[in-house]
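[1] need the 3D shape of this:
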Amino acid sequence: MRPLLAAAPSLSRRPESGGGTRSDVVLRPSAVAMAFVGEGHPHETIAVPGVALAPDDVLVAIELSTICGSDVHTVLGRRSAPVPLVLGHESVGRVIALGEAGADAEDGTPLRIGDRVVWSVTVSCGECDRCTAGVTQKCRRLGKYGHERVAPHRELTGGFASHAQLRHGTAIVRVPEALPAAALAPASCATATACAAVRRGARGRDLDGVRVRVYGAGLVGLSAVAMAAAEGAIVDVVDPNADRLRLATRFGAEPDALSSEPEIAIEASGHAVSAAIADVAVGGTVVLVGSVFPAEPVPLDAESIVRRMVTIAGVHNYTGHELADAVSFLAGRGRAFPFAEMVGTVHPLADLDQAIALAAAPGAPPRIGVAAR
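    So this is what the prediction gives:
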């Protein structure tokens, strides 16, 4: 049975001067968002007493968000960001309001009040040449949750908040009630990115018996290990951290020494690109997972790549189909792996700065969580 929602928001409709209808949603208590204002400054709390939903917007009450490595890099000044902004792009929540026209989930069925969902980090137009070519995550009019400057009527644009306002072009995927929020929140970054990487490496073939090597046992790497192992691949892992290597065995990695040349090398650390290219077998594929960068430039031995017929592919973010596949994996074969245990502790939203400091500390668990409730 679906759990009861918190107090329903007050909603009224009003016509727009350019046509269409906006839905004014009054929230009691007010929604809360944590604004990042720059390196070295604590997050500032924004109270949002109401939102104006476009006809196909969706308002979600966030159940849990997790802190990605890119959030840490932004706070520490290692990557630029348009401040002020609300960080966070790994979240799970529940639909509490819909615009007048409603919205569809990724599977094409209408969303309903009360649906538990995850959503894509990207917002795509669906019409440009990149979108029609299937590269929606590189849309020419791309938007990204957790990456955009706060603007009037656009305060709830990141996961470090009590609510998120999702707009047209967002891939929204229903998730099972029975799955823990700690397993689901990272689906919209780490798990879906890993799904895209494994797909790119497989190139449509069956992975049963295929040798796969994953460089880096962070959550993207661990997720890739689990997905490849669940398809029957023989997976080994390279990581300088012995504890992470032991953890990787719980996700299906071989516990012994590295096997012979891998047919697929997934570089998820940002620090082993040269090794991945050098190690991969003749005719093999190297997948570089862009979300873990920036990384130092690496020399490229073009002759070796040509003679060994190596394919090098880049993966950055993912499509809506890959997010849906990631959720299907978590709800199916992924239940055999300890995804929920990867969130070490969950902190109140008001303690976001402390939570980020913990996520940045040496030996931190793969994820730290934050929740408004």
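
[2] the strands in the stretch 101-250 of the chain, which residues?
    116-123, 143-144, 163-166, 170-174, 211-215, 234-238 (DSSP state E, counting those that start in this stretch).

[3] for Arg308, give me the pLDDT.
    For Arg308, the model assigns a pLDDT of 98.

[4] helix, strand or coil: sort out Glu100 for me.
    coil (DSSP: H, G, I helix; E, B strand; the rest coil).

[5] with adjacent residues omitted, what lies nearest to the residue nearest the centre of the chain?
    The centre of the chain sits closest to Cys189, judged by C-alpha atoms, centre = their mean, with a distance of 1.2 Å. Leaving out its chain neighbours, the residue that sits closest to Cys189 by C-beta to C-beta, 6 or more residues apart in numbering is Glu90, at 4.6 Å. (Glycine included, C-beta is placed from N, CA and C.)

[6] isn't that neighbour right next to Ser188, touching?
    Yes - assessed by C-beta atoms under 8 Å, Glu90 is found in contact with Ser188 at 5.4 Å.

[7] neighbour count for those two, which is higher?
    Between Glu90 and Ser188, counting by other C-beta atoms under 10 Å, Ser188 is the more crowded of the two (32 against 29).

[8] quick one, what contacts the closest residue to Met309 other than its chain neighbours?
    Closest residue to Met309 apart from its sequence neighbours, by C-beta to C-beta, 6+ apart: Gly283 at 5.0 Å. For Gly283, the contact set (C-beta atoms under 8 Å, 6 or more residues apart in numbering) comprises Glu263, Arg308, Met309, Val310.

[9] neighbour-wise, give me the winner out of those.
    That'd be Glu263 among these, by other C-beta under 10 Å, with 22 neighbours.

[10] look up phi and psi at that residue.
    Dihedral pair for Glu263: phi -80, psi -30, per degrees, to the nearest 10.

[11] oh, and call the first residue 48 from now on, that's how I've got it
    Sounds good: first residue 48 from here, last item Glu310.

[12] wait, isn't it in contact with Gly256?
    No - checked against C-beta under 8 Å, the pair Glu310 and Gly256 is beyond contact range at 9.6 Å.
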